[in-house]
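Q: just coords:
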């Protein structure tokens, strides 16, 4: 679905996504790292359904991840940095009992 427009990657950075190393061009977003790893960004709060980066412009909020201990970062709006630690967010909120 997504691919780089040019092949000359330039300087590379290595970060971890859910504990696994991921190397990509310095100008790539954290969402690109999540997609490259084949990871999901989070699970939906209500039903636990897997979610992943979708719009890549910060509108859909499907790419929310934890970056270096900060939750709910929009991975598509953050450039990858060397040594960054990215974690998927997996939570199911307790039911309110309604319907």
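A: On my side now, so go ahead. Everything numeric in this text was worked out from a predicted model, so none of it was measured.
Q: can you give me the strands in the chain?
A: For the chain, applying DSSP state E gives strands covering 12-17, 20-25, 42-43, 50-51, 64-67, 70-74, 85-87.
Q: Quick one, which of these gets closest to residue 57.
A: strand 70-74 (9.5 Å; Cβ to Cβ). C-betas here are computed from N, CA, C, even on glycine.
Q: Can you tell me what sits against the closest one?
A: Applying Cβ atoms under 8 Å, 6 or more residues apart in numbering, the external contacts of strand 70-74 come out as 30, 58, 61, 63-67, 89.
Q: Just the buried ones among those residues, please.
A: Those of the contacts of strand 70-74 that meet the buried threshold are 30, 63-67, 89, by 16 or more other Cβ atoms under 10 Å.
Q: Flag whichever of the residues you listed scores worst on pLDDT.
A: For the buried ones among the contacts of strand 70-74, the model is least confident at residue 89; its pLDDT is 88.
Q: Residue 38 versus that one, what's the distance?
A: Per Cβ to Cβ, to the nearest Å, residue 89 is found 17 Å from residue 38.
Q: name the helices or strands packed onto the worst-scoring helix or strand of the chain on mean pLDDT?
A: Using mean pLDDT, DSSP states H and E, the weakest-scoring helix or strand in the chain turns out to be strand 42-43, at a mean of 82. Contacts defined by 3 or more Cβ pairs under 8 Å, 6 or more residues apart in numbering; DSSP states H and E place strand 42-43 against strand 50-51.
Q: Turn the buried ones among the contacts of strand 70-74 into TSV, including distance to residue 73.
A: Shown next, in TSV, are those (distance: Cβ to Cβ, whole Å):
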residue	distance to residue 73
30	7
63	9
64	7
65	6
66	7
67	4
89	9
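Q: sorry, back to before: by mean pLDDT, show me the worst of the strands of the chain.
A: strand 42-43 (a mean of 82).
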